[in-house]
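Enquirer: Starting from these lines, generate the structure:
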Amino acid sequence: MAKLYFYYASMNAGKSTTLLQADFNYRERGMATMLWNAALDDRGGEKGIESRIGLATGAHRFDAATDLWERVSAAHRVEPLACVLVDEAQFLSHAQVWQLARLADEAGIPVLCYGLRTDFRGALFPGSAALLGIADSLVELKAVCHCGRKATMNLRVDAAGGAVLQGAQTEIGGNDRYVALCRKHFSEALR
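Expert: Numbers count the residues shown, from 1 in each chain. Presented below is the predicted three-dimensional model:
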């Protein structure tokens, strides 16, 4: 039975690397996969999905208007898919998460989603909230705070490294804009 998986973590936990490894494992065994990434995350450029350690591959792009059920089902009719992998899953809409669940339930395609749980204020992203609510399997990937404890929070920082307390929920960036911290050090930085 196919399942909907949500692999979540703070920044710098290796989510994209883990996704690319899973994709490699399927393809190495001759199985077709379909990769997706949020259109607003253009850091991978033409590559689509790129990890901090340099692994990269192409991916389809989704935005708020993308019907994932229709797009994946159409591809599945042409070439049976063994797995669908979604990076930056926090940017999925509530409806898109249900479309992915339908792919697992009705089309029998395992769907592996990777993304952040919370934003720079500690609030859930809409896609993450939906995945936490309905995914068959929740897997927390680990990142490390500078103190050595598990990092669970994403602190947005300015050019000088100071904590950013206001702003839009979504601002694309890497180590230049975000620092993964444990809750204790995240709370201290916000004070």
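Enquirer: Counting neighbours, what do you get for the closest residue to Glu79 other than its chain neighbours?
Expert: Of all residues not flanking Glu79 in the chain, Ala32 sits nearest, at 5.1 Å (C-beta to C-beta, 6 or more residues apart in numbering). C-betas here are computed from N, CA, C, even on glycine. For Ala32, the neighbour count with other C-beta atoms under 10 Å is 14.
Enquirer: Run through the bridge partners of Ala32.
Expert: Listed by DSSP bridges, the beta-bridge partners for Ala32 are Leu81.
Enquirer: Strands of the chain, residue ranges please.
Expert: Per DSSP state E, the chain carries strands over the ranges 4-9, 32-38, 49-50, 56-57, 60-62, 81-86, 111-116, 137-140, 143-144, 150-151, 153-156, 178-181.
Enquirer: Just say which of the ones you listed is most tucked in.
Expert: strand 111-116 (a mean of 26; mean count of other C-beta atoms under 10 Å).
Enquirer: Listing partners with orientation, what would you give for that one?
Expert: Short version: by DSSP bridges, strand 111-116 pairs with strand 4-9 (parallel), strand 81-86 (parallel).
Enquirer: what ranges of the protein fall below the confidence cut-off?
Expert: 41-47, 172-175 (pLDDT under 70).
Enquirer: give the contact list for Leu85.
Expert: Residues in contact with Leu85 (C-beta atoms under 8 Å, 6 or more residues apart in numbering) are 19, 22-23, 33-36, 111-114.
Enquirer: can you give me the helices for the chain?
Expert: For the chain, applying DSSP state H gives helices covering 15-28, 68-78, 94-102, 126-134, 183-190.
Enquirer: residues in contact with the fourth one?
Expert: Residues external to helix 126-134 that are found in contact with it (C-beta under 8 Å, 6+ apart): 4, 6, 8, 89-94, 96-98, 101, 113, 115-118, 124, 138.
Enquirer: same check, this time on the longest one
Expert: The contact list for helix 15-28, computed with C-beta under 8 Å, 6+ apart, reads 7-9, 32-33, 35, 49-53, 55-57, 82-83, 85, 87, 112, 114-115, 141.
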